[in-house]
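> coords please:
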Amino acid sequence: MKKITLGLDIGQYAIKGARITGGLSGRRPTLFFEKDIKRDQASDSFHPLSETQLTVLKGLVSEGKIKPSDSIAVCLPGHLVSSKEISLPFTDPDKIKKTIHFEAEGQLLLDMDEVILDYQTLLSPPDSTRVLVFAASKTMIRKFLDDLSAIGIDPAIVSVDQVALYHYCLCMNERGALGENSEEQVIIDLGATKTVICAMEGNALRWARTTPMGADLLIEFFQTELHLSWQEAEKLVNNLSHPGDLQTKARSVFANGFSPWMDDIEVSLQKSEAVNPTSIHLCGGVRVSLRATLSAALHRNIIVQKGLGAVHEGDGASSACFALSAGLALFPNNAVNFRKNEFTHAEEITKGWGLFPIGVSLLLLLTLYVLNISLHARAKEKQFNVKKIELTTAFQAAFPGTQNVVDEIKQTETSISDIKKRSDLLGIGTQSPLLILKMITDAIPSGVEIYVNEFTVEGGRVQFTAETTSFDFVDKIKNALMKGDLFEDVTVGDAKAIPDSSRISFRMQVSVKRIKTSVKTEGLE
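Residues are numbered from 1 along each chain as shown. Predicted structure coming up:
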């Protein structure tokens, strides 16, 4: 989305615009305009915009105040937006985006399939996130956009008043217009039919709200209490700070009897003052005339905002009168925006199609890459099959007795292991079992009968169980083995006569000394 160039504050009785230019020094409002709307018709809950509002907007298009090339940001009427503050037990932005719809479903009494959701992150404690969730009916958004489209306006952003005021305040903070960052600032935008309030700490939004009460309510109050016409009461409100008997009486009546509006603002202020010292800033069309009256009613010092210093097209009025339109004009692309899903702006869709050739090129490159890998893999497979055939042929030549060849390498290892075991048993290796048995047999005196039942060799230790014809022969066998140079540590155990037999059974253990090759060779010859 290209940067916003025009912010439109479509009020019930006035339309205000702020135009933006940008350069090396940053983006800033350079021109403001305002067009009043007759009070003969207002929008209702079934029509987001009245016929009179649309007529005035169409006139601004015809006059060139609203240009076809403008990237426009607007606010959805406040009575069409529901909001709810929600706390989440995590801080990951991606996780917030994925779960916000589910989290809001239990707290907003709306059909989630029929609304568009977006949210603004608030100042939060560590390890958690506070968000202000906004929801608007898809039906109302569609009607709102259709009405604007019919007169040649296609806004890129459809947002909410609170977020617009917040972005105006961010710009004011950059200019140091809201005081020290250590203080919490409460900014009140006082309009004809609504009051928008937000509280900030540094550049972080602490809370924000819109109340459907504004200067018109005060006009109606004076009209009733002081028996004035609407025009007289409106003039009185605009000149309430001036000296005069009527103004003095009006201020007295206001302080003593006008409470709903002040009570609502008082509750909001107490929320901030309970946390930090707070400075209160007033902006909006009637801010100067009501500053002293509001300060007296709220028992707090209220600062009148001087604005951004841009030029008002008509009479040079301060840009603080255009806080919402200026805030909209300064919107970043990631701000709260109901133009998503089926309401995505045409420019965003076109941008998506603009990426199509790039996507096709990337897909073609990926296809060529995969094809190259596939051809390389086939060549490797062919080489592997040739080597496998060579290996199988060599294996069958080395081990002709093997019928089924499955894994040449493992079968070769197994065959070599079997050959080694057989060679060890036959005395081809050092100190084989057959060689040790022969050495024991040669050491036993002639004439001694011995019948070996079990013969075990583990390393250099030999154990065997045998039978002979007398206990004397057992001692002769032991002594014969101890006398030679081939054995040591000869022990006899479990020597006993076998019942119903003339034989003696015994178990003998003996350690074999390390034998030189010449000895083994001589014994085998």
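> helix/strand/coil for Phe134?
strand (DSSP: H, G, I helix; E, B strand; the rest coil).
> Begin at 3, not 1, for the rest of this chat.
From this message on, residue numbering opens at 3, which makes the last subject Phe136.
> Please report the distance of it from Val160.
11 Å (CB to CB, to the nearest Å). Glycine gets a C-beta too; all of them are placed from N, C-alpha and C.
> cool, Ile88 as well?
In terms of CB to CB, Ile88 sits 21 Å off from Val160.
> likewise Arg302?
Separation of Arg302 from Val160 (CB to CB): 34 Å.
> Can you pick out the residue with more neighbours from the two?
Set side by side, Arg302 and Val160 show more neighbours around Val160, with 24 against 16, by other CB atoms under 10 Å.
> still on that earlier bit, overlap of the contact sets of Phe136 and Val160?
By CB atoms under 8 Å, 6 or more residues apart in numbering, Phe136 and Val160 have these common neighbours: Phe340.
> show me where the stretch 3-152 of the chain has strands.
All strands of the stretch 3-152 of the chain, identified by DSSP state E, counting those that start in this stretch, fall at 8-12, 16-25, 28-38, 74-77, 83-90, 117-124, 131-139.
> quick one, which of the ones you listed is nearest to Ile438?
Closest approach to Ile438 among the strands of the stretch 3-152 of the chain (CB to CB): strand 83-90, 79.3 Å.
> just checking, what packs against the helix or strand harbouring Gly329?
Using DSSP states H and E, Gly329 falls within helix 325-331. Counting by 3 or more CB pairs under 8 Å, 6 or more residues apart in numbering; DSSP states H and E, the packing neighbours recorded for helix 325-331 are strand 8-12, strand 16-25, strand 28-38, strand 74-77, helix 163-176, strand 186-192.
> Can you spell out which helices and strands pack onto the shortest one?
Packing partners of strand 74-77 (3+ CB pairs under 8 Å, 6+ apart): strand 8-12, strand 159-161, helix 163-176, helix 325-331.
> Could you save these as CSV and add columns showing distance to His347?
Below are these laid out as CSV (distance: least, CB to CB, whole Å):
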stretch, distance to His347
strand 8-12, 14
strand 159-161, 8
helix 163-176, 17
helix 325-331, 15
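> hmm, back to that, which stretch among the helices and strands packed on helix 325-331 comes nearest Ala381?
Shortest distance between Ala381 and the helices and strands packed on helix 325-331, using CB to CB, is found for strand 16-25: 57.1 Å.
> what inclination does that closest one have with respect to helix 163-176?
40 degrees (axes from the mean of the first three to the mean of the last three CA atoms, to 10 degrees).
> Each with direction, which strands does strand 16-25 pair with?
strand 8-12 (antiparallel), strand 28-38 (antiparallel) (DSSP bridges).
> looking at the ones you listed, which has the lowest confidence?
Lowest mean pLDDT of those: strand 28-38, a mean of 79.
> State the distance from Thr369 to Ser363.
Distance of Thr369 to Ser363, given as CB to CB: 11 Å.
> now do Gly495
From Gly495 to Ser363 the distance is 87 Å (CB to CB).
> for Gly329, same thing?
41 Å.
> Please say which of these two ends up with more neighbours.
Ranked by neighbour count (other CB under 10 Å), Gly329 and Ser363 place Gly329 first, with 32 against 10.
> these two touch, right, the more buried one and Met174?
No: proximity of Gly329 to Met174 does not meet the contact threshold set by CB atoms under 8 Å, at 9.7 Å.
> How far away from the center of its chain is the longest helix belonging to the chain?
Identified as the longest helix of the chain according to DSSP state H is helix 358-400. From the chain centre to the centre of helix 358-400 is a distance of 39 Å (CA atoms, centre = their mean, to the nearest Å).
> now swap in stretch 491-505 and tell me
82 Å.
> got the end-to-end distance for it?
From its first residue to its last, stretch 491-505 covers 25 Å (CA to CA, to the nearest Å).
> Report the buried residues of that stretch.
For stretch 491-505, a neighbour-count test (16 or more other CB atoms under 10 Å) marks Val492 as buried.
> List the contacts of that stretch.
With CB under 8 Å, 6+ apart, stretch 491-505 has contacts from 453, 469-471, 473, 476, 480, 483-484, 506-513.
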